[in-house]
Structures are given as C-alpha cells and as structure tokens.
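Trainee: need a structure here:
(one chain, ligands or ions: 1)
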Amino acid sequence: MYADEVDRLQANLKKFWSLLRPEARALVEKKGFLTRRRRLGEPTLRSVAGWCVFFNQGCVLHKVGAEEGDRFKYKPAVCALFPIQMDEQDRWYVRQRGYKREKWDLFCLDPASTSVPAAESLQAEIALAQRFAEEEDLSTRSCPTNE
Ligand code: SF4
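Mentor: The predicted structure follows:
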C-alpha cells in the first residue's frame, strides 16, 4: 500500500470499524492494519484467519466506498485494479489462469468460467488503470527534476 492510501485508511478507520470481523478488529486494535512485510517496497495489509483484516463477506473498504458513491475510494490501488496488473515492462494485462505464470488458482481468474470478455466485465477497472496511467504521466511531465 502506498503512503497516501495508508493515511486515508487511518483517517477513516472508524467508518470501517463496526463492519470488521471481531477477530480482525482485535488484531487491528493491537497491531494496526499493516504488516512489516513489504511487497514492491510498500507495506502490506494484515490478515487474520486466512483473510485480509478488511474482508468480511466481501471487502469492507469497497462497501463503504460504494455507499459514499465511489467503490474505489478507500481500496488500495492493487485491490481496486485486480485482476488488472502491470508487467515488468509497465504494460497492463489481465491476470488469468495459464498466463504469465499466474500463481493464483482462483475461479475468477479462469477465462473458461465466463463468456463475457474482460474488456466488458472489467470496464471500471480498465478506466481506473487508465486514470492512474494518466495521473502518472501528468506527474512525470510536471516534475521539474525530469525535465
Ligand atoms: S480487496 Fe483488498 S482491502 Fe479489500 S478485503 Fe480484499 S485484500 Fe483486503
């Protein structure tokens, strides 16, 4: 998770609190919602009983964001974009079974489980990836150290 995403969750934690599983609440209260483990240099969310602390019959961050009119408002980018990801050459792709050594054997990553093309079912995620790419492009262009 990026620092601004952590700050946003921290600042809004009380909105999610009553929706968390009791064991997740207890753990977050004691140790916070981040682990010391890092992925691509950034901290990761804690899990308890095999699930992310923000999971409770679905993503609590998604649910609260949706109630406020933007389901991506509180979700870490990596979660909001799933199953879209960037490869080593900074190209977006859709994670799926049998492609780019996909490790997760999830039903939702199996192209055989649906007849709807990803370009259709992932329109919101694709738009979000596009938004992130445009923001990245703008910030790179407006950064004086890159001129
Ligand atoms: S989508 Fe992300 S934040 Fe939400 S429950 Fe899953 S791992 Fe946690």
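
Trainee: Going along the chain, name the strands of this structure.
Mentor: For the chain, the strands defined by DSSP state E occupy 34-39, 42-45, 47-48, 51-52, 84-86, 92-94.

Trainee: In a markdown table, list those strands along with mean pLDDT.
Mentor: Below are the strands of the chain laid out as a markdown table (pLDDT from 0 to 100):
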| stretch | mean pLDDT |
| --- | --- |
| strand 34-39 | 90 |
| strand 42-45 | 92 |
| strand 47-48 | 96 |
| strand 51-52 | 95 |
| strand 84-86 | 91 |
| strand 92-94 | 93 |
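
Trainee: Of the ones you listed, which is nearest the ligand?
Mentor: Among the strands of the chain, the nearest to the ligand by Cβ to the nearest ligand atom is strand 51-52 (3.1 Å). (C-beta placed from N, C-alpha, C; glycine too.)

Trainee: Would you tell me whether that closest one gets close to the ligand?
Mentor: Yes. Shown here: strand 51-52 in contact with the ligand (Cβ under 6 Å from any ligand atom) through residue 52.

Trainee: just the strands of the chain: most buried one?
Mentor: Greatest average neighbour count among those goes to strand 42-45 (a mean of 18), per mean count of other Cβ atoms under 10 Å.

Trainee: got the CA coordinates for that strand in PDB?
Mentor: Extracted in PDB, the C-alpha atoms of strand 42-45 (Å, rounded to 0.1, in the frame of the first residue of the first chain):
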ATOM      1  CA  GLU A  42       5.500  -1.000   0.200                       C
ATOM      2  CA  PRO A  43       3.800  -2.400   3.400                       C
ATOM      3  CA  THR A  44       1.000  -4.900   3.000                       C
ATOM      4  CA  LEU A  45      -2.300  -5.400   4.800                       C
END
